[in-house]
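1. Structure of the sequence below:
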Amino acid sequence: MKNVKILSVLILLSLTVISCKSEKKVEDFKKITDAYFDDKNALDPLGATQNGQNEYNDKFVFEMTDSYRKKQAAFFDKYENKLTSIDTTALSAEEKNSYDIIKWEVTVGKKLLKFNTNLMPIHQFWGTNITMGQYASGSSAQPFKTEQDYRNFLKRMNSFSVWVDSAMVYMKKGIDKGIVLPKALTVKIIPQFESMVTANVEDNLFYAAIKSFPKEITIDQQNTLKKEYASVITEKLEPQFKKMAAFLKDEYLTASRTTSGISSLPNGKELYKAYVKQWTTTDKTPEEIHALGLKEVARIKAEMEKVKTQVGFKGTLNEFFESIRTNPKLMPFKKPEEVLANFERIYQTIKPNVDKLFSLQPKTAFQIKRTEAFREKTASAEYNQGTADGSRPGTFYVPIPDVTTYNCYGDEDLFLHEAIPGHHFQISLQQENKQLPNFRKFNWFGAYGEGWALYTESLGKELGLYTDFYQYFGMLGNEMHRAVRLVVDTGIHNEGWTREQAIKYSLENEAETESAITTEIERYMAIPGQALSYKIGQIKILELRKKAQDKLNNKFDIKVFHQKVLESGVLPLALLEKKINNWIETGK
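-> Numbering: from 1, shown residues only. Prediction:
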């Protein structure tokens, strides 16, 4: 009996030791996720500001430099090694997701570092130069509430003036190695820099925040900041903007390539495969995606033919496209404010119906704004997230470069995608989720995030929209737009298509104007692979919904399905599929 008692004690002690070790591993993993978030923010302080991490608001990095890329490589090695110390059997399901996400990001990041993408540090669509312009407006993520806030951005302005020199240095290296932008993109960047030079400093974009001081800033502080901002703008920034514009016109434009896709660059095909993996979070090949795109274009075109018949249009589908592009009834606005008011009307229409589909909804406030003038001509409609603490609302930005030609036929669908229940719901819920480690609250996978937003476009009728044939056609048009992206993105970067071929294909299959399509094609040229994420993600979510409906039958609840898709934040698609499959099995 005594031996049995001793044995029992020994077993209990060993179990306690095992339990303590498991807890230590879990505790260690929490430290890893916390440190991972801090290190990611340090590598991307402009992004940290976007995410409301205000301790980074004065920080700035030179992301194209060799020294910065060495820091990136060290970051990836550090966390690759740290993951090997973790016993994954001791982790919860959500912690295992965190583990797999870090592993995925490190693997993809290390792969992309093998390519000289830093030799093309600017383009017309996004990047440091665009972000700094947005932050300078005073109405974006960079806070301007205290004197210290103003000084934080002043420090960034000083760094940005030096950054312009670094960009030119690496672009010259790119010229030497034949790693340069297409001419069509270089042409678009020149006016962006030229527009940031003004006759009067008060009219400069970087002076914007000075014109609307909060009441907390004293008169003496205001006067000092006015002088310091004016000095940095006139003595540092504007000379650099002029220098960059001259370099682009006199040197870089001549050296820019005539090809459209990155497959023409050294190791370009391999680079494109890496981008495809990054943006789709799958192992699909460019060839598979191209074929899928052609299939989806054919399917959606058949649906469009039905709508054309329903409205009584007698011509071809391409003629119907042209009639939509030029229909004055679809361009009813005379003032930009009327465009914004129309989106507000859409918002009010869906509000009563959202509860029928979503039990999980965000607390973060939401607003609709016009895109800033300095980037409006080349911008697409977009969503910029708010902050989890409620200090900044989520913002749906609408570019209105010419209100008289603004066509509203796709506005209902656009609102669902960019605003509610698309990006605003998904991103806000993710940031508000206290169960997620910080690095996941502010994470992004295009295939999930854009896939979700495109999926929500299919919910329009359930939300009280698409009662007008043209608005429903707008939904088909936007889905077609994403299907066309599969074809033209892979066409440009893998099949050797020219910019003109891609524009022609889009015009034949979409109702967008040639100017809008041209802007889009040039966007795909600038950020290869990103355009693939929408349709690949949407198809996966639709596939998982159908599987859940088929397997669960009368137990299927759309609100629970949406909760399960949204509650863990962005995931690589394989992890999302695993999560939904587990839920289906539990529900059965």
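
2. Show me what the helix or strand where Ile539 lies is in contact with.
-> Element membership of Ile539, judged by DSSP states H and E, is helix 533-552. The contact list for helix 533-552 (CB atoms under 8 Å, 6 or more residues apart in numbering) reads 279-280, 282, 284, 289, 292-293, 296, 445-455, 458, 482-483, 485-486, 556, 561, 565, 573, 576-577, 580-581, 583-584, 587-588. In short, each C-beta sits where N, CA and C put it, glycine included.

3. same thing but at 7 Å, please
-> 279-280, 282, 284, 296, 446-448, 450-452, 454-455, 482-483, 485-486, 556, 561, 565, 573, 577, 580, 584, 587-588 (CB atoms under 7 Å, 6 or more residues apart in numbering).

4. which ones are touching Ile420?
-> Counting by CB under 7 Å, 6+ apart, Ile420 touches Tyr347, Ile350, Phe366.

5. quick one: average confidence on the helix holding Ile539?
-> Summarised as a single mean, pLDDT over helix 533-552 is 97.

6. Same question for stretch 499-516.
-> 92.

7. Check stretch 457-467 too.
-> Mean per-residue pLDDT for stretch 457-467: 96.

8. try stretch 136-144
-> For stretch 136-144, mean pLDDT is 92.

9. one step back: put the buried members of the contacts of Ile420 into a ChimeraX selection.
-> Selection of buried members from these for ChimeraX, criterion 16 or more other CB atoms under 10 Å:
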select :350,366
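
10. Looking at the contacts of Ile420, which is nearest Ile190?
-> Nearest to Ile190 among these: Phe366, at 35.4 Å, using CB to CB.

11. so what's the closest one bridging to?
-> Gly394 (DSSP bridges).

12. send the alpha carbons of stretch 70-86 over as PDB?
-> Taking Å, rounded to 0.1, in the frame of the first residue of the first chain, the C-alpha atoms of stretch 70-86 are listed here in PDB:
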ATOM      1  CA  LYS A  70      19.900  43.000 -43.600                       C
ATOM      2  CA  LYS A  71      17.700  44.000 -40.700                       C
ATOM      3  CA  GLN A  72      14.700  42.300 -42.400                       C
ATOM      4  CA  ALA A  73      16.800  39.100 -43.000                       C
ATOM      5  CA  ALA A  74      17.900  39.100 -39.300                       C
ATOM      6  CA  PHE A  75      14.200  39.500 -38.300                       C
ATOM      7  CA  PHE A  76      13.200  36.500 -40.300                       C
ATOM      8  CA  ASP A  77      16.100  34.400 -39.000                       C
ATOM      9  CA  LYS A  78      15.300  35.400 -35.400                       C
ATOM     10  CA  TYR A  79      11.700  34.200 -35.500                       C
ATOM     11  CA  GLU A  80      12.400  31.200 -37.600                       C
ATOM     12  CA  ASN A  81      14.700  30.000 -34.900                       C
ATOM     13  CA  LYS A  82      12.400  31.000 -32.000                       C
ATOM     14  CA  LEU A  83       9.500  28.900 -33.500                       C
ATOM     15  CA  THR A  84      11.700  25.800 -33.300                       C
ATOM     16  CA  SER A  85      11.700  26.100 -29.500                       C
ATOM     17  CA  ILE A  86       7.900  25.900 -29.200                       C
END
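
13. And the contacts of that stretch?
-> So stretch 70-86 is in contact with 25, 28-29, 32, 36, 39, 43, 99, 102-103, 106, 109-110, 113, going by CB under 7 Å, 6+ apart.

14. Just checking the distance from it to the centre of its chain.
-> On the basis of CA atoms, centre = their mean, to the nearest Å, stretch 70-86 sits 25 Å off its chain's mean C-alpha point.

15. Could you do stretch 482-498 as well?
-> Per CA atoms, centre = their mean, the centroid offset for stretch 482-498 relative to its chain is 20 Å.

16. Quick check: buried residues in that stretch?
-> Result for stretch 482-498 [16+ other CB under 10 Å]: buried residues 482-495, 497-498.

17. swap in stretch 510-526?
-> Those would be 510-513, 516-526, for stretch 510-526 by 16+ other CB under 10 Å.

18. Identify the residues contacting that stretch?
-> Contacts of stretch 510-526 (CB under 7 Å, 6+ apart): 123-125, 182, 184-185, 188, 260, 321, 324-325, 378, 477, 480-481, 484-485, 488-489, 492, 499, 502-503, 506-507, 531.

19. Using CSV, write out every CA atom in it.
-> Extracted C-alpha coordinates of stretch 510-526, given in CSV (Å, rounded to 0.1, in the frame of the first residue of the first chain):
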residue,chain,number,x,y,z
GLU,A,510,-16.0,45.4,-68.5
ALA,A,511,-18.2,48.4,-68.5
GLU,A,512,-15.6,50.7,-67.0
THR,A,513,-14.3,53.7,-68.9
GLU,A,514,-11.0,53.5,-70.7
SER,A,515,-9.4,56.0,-68.4
ALA,A,516,-10.5,54.0,-65.3
ILE,A,517,-9.3,50.7,-66.9
THR,A,518,-6.0,52.3,-67.8
THR,A,519,-5.5,53.4,-64.2
GLU,A,520,-6.3,49.8,-63.0
ILE,A,521,-4.0,48.1,-65.5
GLU,A,522,-1.1,50.4,-64.4
ARG,A,523,-1.9,49.5,-60.8
TYR,A,524,-1.4,45.8,-61.7
MET,A,525,1.9,46.7,-63.4
ALA,A,526,3.0,48.5,-60.2
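
20. list the contacts for Gln134?
-> Here Gln134 is in contact with Ser140, Glu372 (criterion: CB under 7 Å, 6+ apart).

21. thinking again about what came up before, narrow the contacts of stretch 70-86 to those that are buried.
-> Looks like the contacts of stretch 70-86 have Lys25, Phe29, Ile32, Tyr36, Asp39, Tyr99, Ile102, Val106, Gly109, Leu113 buried, using 16+ other CB under 10 Å.

22. helix/strand/coil for Phe396?
-> strand (DSSP: H, G, I helix; E, B strand; the rest coil).

23. Who are the contact partners of it?
-> Taking CB under 7 Å, 6+ apart as the criterion, Phe396 is in contact with Ile368, Tyr383, Glu418, Ala419.

24. Off-centre distance for stretch 446-463?
-> Relative to its chain's centre, stretch 446-463 lies at 15 Å (CA atoms, centre = their mean).

25. Not counting its own residues, what contacts that stretch?
-> 279-281, 350, 353-354, 357, 412-413, 416-417, 421-423, 426, 466, 475, 478-479, 482, 530, 533-538, 540-542, 565, 570-571, 573, 576.
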